[in-house]
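1. Sequence first, predicted coordinates after that:
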Amino acid sequence: QVHVEESGGGLVQAGGSLRLSCAASGRTFNSYAMGWFRQAPGKEREFVACIRRRDGRTYYADSVKGRFTISSDNVKNMVYLQMSSLKPEDTAVYYCAGNTQLYGSTWYGGSWGQGTQVTVSS
């Protein structure tokens, strides 16, 4: 079981930047990847980005490519999401997933944190 806790959300103007942090503990060595997902009001939770533990390869949703960067510090068991050029449509609760897996062409998350709110004003 992997336990995670997010931090770093807040209110930012469109075009601004934020960095989210995710602290992981527990059986992190069993995790294939760690990821970020988000859920906007009235919408389903969606994949944002993830990073594979064994080699650091990263994957992004098309909607955030070129604007968001995921990184990790495996020694500290931390995962970060640097978000730039933020848009109002990025407004959502962002969740860290301590165990992210790829099935077919879809990323699924598990071992969720409590989420952190990101609000982008226009």
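-> Thanks, I have the structure now.
2. Can you list the buried residues in the longest strand belonging to the chain?
-> For the chain, the strand with the greatest residue count under DSSP state E is strand 92-103. Counting neighbours by 16 or more other Cβ atoms under 10 Å, one finds that the buried residues in strand 92-103 are A92, V93, Y94, Y95, C96, A97, G98, N99, T100. C-betas here are computed from N, CA, C, even on glycine.
3. could you dump the residues you listed to a markdown table with distance to Y32?
-> A markdown table is the format used below for the buried residues of strand 92-103 (distance: Cβ to Cβ, whole Å):
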| residue | distance to Y32 |
| --- | --- |
| A92 | 24 |
| V93 | 24 |
| Y94 | 20 |
| Y95 | 17 |
| C96 | 15 |
| A97 | 11 |
| G98 | 11 |
| N99 | 7 |
| T100 | 7 |
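4. quick one on the thing from earlier: could you dump whichever helix or strand comes after the longest strand of the chain to CSV, C-alpha only?
-> For strand 92-103, the following helix or strand on the C-terminal side (DSSP states H and E) is strand 106-112. Once non-C-alpha atoms are left out, strand 106-112 reads as follows in CSV (Å, rounded to 0.1, in the frame of the first residue of the first chain):
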residue,chain,number,x,y,z
THR,A,106,-5.4,4.2,-20.6
TRP,A,107,-3.7,5.2,-17.4
TYR,A,108,-5.5,4.2,-14.1
GLY,A,109,-4.6,5.5,-10.7
GLY,A,110,-4.7,4.0,-7.3
SER,A,111,-3.6,4.9,-3.7
TRP,A,112,-5.1,8.3,-3.9
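5. show me what contacts Q82?
-> Taking Cβ atoms under 8 Å, 6 or more residues apart in numbering as the contact definition, Q82 lies against S17, R19, F68, T69, I70, S71.
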